[in-house]
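*Asks:* Fold the following for me, if possible:
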Amino acid sequence: MDDHINHGDSKEVSQTDSRAPNESAVSLRRMSKQQIFTLISMASVNFSSMICYSILGPFFPNEAKKKGVSQTIIGLIFGCYAIFNLTASLILGKYIVQIGPKFMLISGLFVSSVCTILFGLLDRCPGMIDFIVLCFIVRSIDAVGFSAAMTSSFAIIAKVFPNNIATVVGSLEIFTGLGLIIGPPMGGILYESFGYEVPFIILGCFVLLMVPFNILVLPNLSASPTGGSLIQLFAHPKIVLLCFVVFTLSSGLAFIDATLAIFATEKFQLSAGFVGLLLIGVSLPYCLSSPLLGFASDKYPSLRKWLVVMGGIGTAAGFCLLGPTPIFHISHQLWLFVFMLTIIGFSLGMTGIPVFPEIITCAYENGFEEGLSTLGLVSGLFGAVWSSGMFFGPTFGGFITQTLSFEWASAIEGAIGFLSVASSCPEAGPCWREGSSAGLDRTPKLCKPNQPDLLLLLSIEYPFT
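*Replies:* From the prediction side, this is the model:
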């Protein structure tokens, strides 16, 4: 077991990379009992965390609206989660080695579970102001706990499964995707059947039960910190460009999360349960297409830049037709609305899959040491940029929706997407030409792009929130 855990410095990473692929597959079939428990633990963490995160979308905006909360404030409630996610991810990503990934994960689970339960009790607040203030407080603390749990989960996986990281991440994505798919309809159905409190209390208690389980089964991991800082990482133009792509992804997802429920209820007279089913239109195509898109981007590295461009075009067009944009003079139709959500989900996969491995590749090419410290820095930067978009999407989108309409707000999200395409296009974005396909092939195994769901595992924490 020690051979699997002691994997910190760049020398060990290089030795791991030189092993034959079939050797990794054999070692996975011979997992130790502790590795099996760790895999089960990470699967349960991803599944439950994504359910807890995604249940808000179908009913919370309407519940807040009943208390007199404006669309702008609702967007800020969603957005404050991202602000504290941003701060926490920067700090935790920098000091994950010093804090310890096991302690960080267990503490994050405990904080997140308690906050989820408390959020279910907020409907008892007598006044609108009290409700708004407590929503901000509970959501902010929950964001810190959620960030800690999800950031540390990748470090644990990378340490316990150093030779099988792509296979393990791909397997865990199933549970991440299931959580995102089941969460919205489950939240909507529980809300319709039992009211506001029950969905949060049930899921919060489920996460709380995993705290003692993880204390018992997770190994104690340690690694030596290495040099490098977030400022040095963000100083490279290619990383800035890739971070803008990440920003547009999270901004669009958060905009949908904060505004879709009210729009769908008013325009199509849908119940909370059906609104939850609508949200599957984004997550399901993303989850189903990720393995295939990841395989294509790994087998044909030259396609990656075109995946980003084509995915950006699809995302931008999807948002423009989601409303649809008033200048198109297209009437509101439910089938078109669902189809555009599906296009957005698939296109986000095309754009998002190459981004995180590209940032890690760029970091290594610019002198950062291979190891958990660099992975923590990249994860922190990724989480910070993702959270920035998660704040901008619901806040700015909610303001535009309240001032103008949902149709114009989605059109603006589409315009931001087209701007991302312009910067990512090989002719318009010279940074892409710096990273040739040959350079991309030098990606260390810890961050090989054939792990297509790294985006979900590391960040959709920095997800749809």
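*Asks:* Low-confidence ranges, the stretch 101-250 of the chain, go.
*Replies:* In the predicted model of the stretch 101-250 of the chain, residues 154-155, 158-159, 162-171, 173, 221-229 satisfy pLDDT under 70.
*Asks:* hmm, 90 instead?
*Replies:* Filtered on pLDDT under 90, the stretch 101-250 of the chain yields the residue ranges 101-105, 109, 112-113, 116, 119-120, 122-128, 143, 146-250.
*Asks:* which residues in the stretch 201-350 of the chain form helices?
*Replies:* Taking DSSP state H, counting those that start in this stretch to define them, one finds helices in the stretch 201-350 of the chain at 230-234, 237-268, 272-299, 304-322, 334-352.
*Asks:* of all these, which lies closest to residue 62?
*Replies:* Smallest distance to residue 62 across the helices of the stretch 201-350 of the chain (C-beta to C-beta): 6.0 Å, for helix 237-268. From N, CA and C alone the C-beta is placed, and that goes for glycine too.
*Asks:* Now do the closest one and helix 304-322, the angle between them.
*Replies:* Per axes from the mean of the first three to the mean of the last three C-alpha atoms, to 10 degrees, the angle that helix 237-268 makes with helix 304-322 is 30 degrees.
*Asks:* still on that earlier bit, let me have the helices of the stretch 201-350 of the chain in CSV, adding distance to residue 185 as columns.
*Replies:* Listed next are those as CSV, based on distance: least, C-beta to C-beta, whole Å:
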stretch, distance to residue 185
helix 230-234, 38
helix 237-268, 13
helix 272-299, 4
helix 304-322, 20
helix 334-352, 14
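*Asks:* Using a markdown table, please lay out the ones you listed together with distance to residue 148 and mean neighbour count.
*Replies:* Output for those, formatted as a markdown table (distance: least, C-beta to C-beta, whole Å; neighbours: other C-beta atoms under 10 Å):
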| stretch | distance to residue 148 | mean neighbour count |
| --- | --- | --- |
| helix 230-234 | 18 | 14 |
| helix 237-268 | 19 | 23 |
| helix 272-299 | 23 | 21 |
| helix 304-322 | 30 | 23 |
| helix 334-352 | 23 | 21 |
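*Asks:* Residue 39 is nearest to which of these?
*Replies:* Closest to residue 39 of those is helix 272-299 (C-beta to C-beta; 18.1 Å).
*Asks:* Does anything pack onto the closest one? Which helices or strands?
*Replies:* Helix 272-299 sits against helix 165-194, helix 237-268, helix 304-322, helix 334-352, with contacts defined as 3 or more C-beta pairs under 8 Å, 6 or more residues apart in numbering; DSSP states H and E.
*Asks:* which other helices and strands contact the last one?
*Replies:* Think helix 334-352. Packed against helix 334-352 by the contact rule (3+ C-beta pairs under 8 Å, 6+ apart) you find helix 237-268, helix 272-299, helix 304-322.
*Asks:* CA atoms only: put the shortest one into PDB for me.
*Replies:* Extracted as PDB, the C-alpha positions of helix 304-322 are listed here (Å, rounded to 0.1, in the frame of the first residue of the first chain):
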ATOM      1  CA  ARG A 304      -8.300  20.000 -29.200                       C
ATOM      2  CA  LYS A 305      -8.200  23.700 -30.300                       C
ATOM      3  CA  TRP A 306     -11.000  23.000 -32.700                       C
ATOM      4  CA  LEU A 307     -13.100  21.300 -30.000                       C
ATOM      5  CA  VAL A 308     -12.800  24.500 -28.000                       C
ATOM      6  CA  VAL A 309     -13.800  26.700 -31.000                       C
ATOM      7  CA  MET A 310     -16.700  24.500 -32.100                       C
ATOM      8  CA  GLY A 311     -17.900  24.000 -28.600                       C
ATOM      9  CA  GLY A 312     -17.800  27.700 -28.000                       C
ATOM     10  CA  ILE A 313     -19.900  28.300 -31.100                       C
ATOM     11  CA  GLY A 314     -22.400  25.700 -30.100                       C
ATOM     12  CA  THR A 315     -22.700  27.200 -26.600                       C
ATOM     13  CA  ALA A 316     -23.000  30.700 -27.800                       C
ATOM     14  CA  ALA A 317     -25.700  29.700 -30.400                       C
ATOM     15  CA  GLY A 318     -27.500  27.700 -27.800                       C
ATOM     16  CA  PHE A 319     -27.800  30.700 -25.400                       C
ATOM     17  CA  CYS A 320     -28.900  33.000 -28.200                       C
ATOM     18  CA  LEU A 321     -31.800  30.600 -29.100                       C
ATOM     19  CA  LEU A 322     -32.600  29.600 -25.500                       C
END
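*Asks:* what pLDDT, on average, does stretch 290-301 get?
*Replies:* This predicted structure assigns stretch 290-301 an average pLDDT of 70.
*Asks:* same deal with stretch 400-412?
*Replies:* Averaged across stretch 400-412, pLDDT comes to 86.
*Asks:* in it, what counts as buried?
*Replies:* Buried residues in stretch 400-412, counting neighbours by 16 or more other C-beta atoms under 10 Å, are found at 400-402, 406-412.
*Asks:* ok, residues contacting it?
*Replies:* Defining contact as C-beta atoms under 8 Å, 6 or more residues apart in numbering, one finds that stretch 400-412 is touched by 70-72, 75, 255, 259, 262-263, 319-320, 322-326, 396-398.
*Asks:* For residue 92, find the nearest of the helices and strands packed on helix 334-352.
*Replies:* So among the helices and strands packed on helix 334-352, helix 237-268 is nearest, using C-beta to C-beta, at 17.8 Å.
*Asks:* so how far is that closest one off the chain centroid?
*Replies:* Mean C-alpha position of helix 237-268 versus that of the full chain (C-alpha atoms, centre = their mean, to the nearest Å) differs by 12 Å.
*Asks:* could you check the angle helix 334-352 makes with it?
*Replies:* Put simply, helix 237-268 runs at 170 degrees to helix 334-352, going by the same axes, to 10 degrees.
*Asks:* on that earlier part again, with distance to residue 378 added, can I get the helices and strands packed on helix 334-352 in CSV?
*Replies:* Converted to CSV, these look like this (distance: least, C-beta to C-beta, whole Å):
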stretch, distance to residue 378
helix 237-268, 9
helix 272-299, 18
helix 304-322, 17
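*Asks:* that older thread, adding distance to residue 203 as columns, could you present the helices and strands packed on helix 272-299 in TSV?
*Replies:* TSV is the format used below for these (distance: least, C-beta to C-beta, whole Å):
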stretch	distance to residue 203
helix 165-194	8
helix 237-268	17
helix 304-322	29
helix 334-352	23
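*Asks:* which stretch among the helices and strands packed on helix 334-352 comes nearest residue 342?
*Replies:* Closest to residue 342 of the helices and strands packed on helix 334-352 is helix 272-299 (C-beta to C-beta; 5.1 Å).
*Asks:* returning to that earlier point: filter the buried residues of stretch 400-412 down to the ones in helices?
*Replies:* Counting by DSSP state H, the buried residues of stretch 400-412 place 400-402, 406-412 in helices.
*Asks:* circling back: nearest to residue 217, of the helices of the stretch 201-350 of the chain?
*Replies:* Nearest to residue 217 among the helices of the stretch 201-350 of the chain is helix 272-299; the distance by C-beta to C-beta comes to 26.3 Å.
*Asks:* chain center to the closest one, what's the gap?
*Replies:* Centre-to-centre, helix 272-299 and its host chain are 13 Å apart (C-alpha atoms, centre = their mean).
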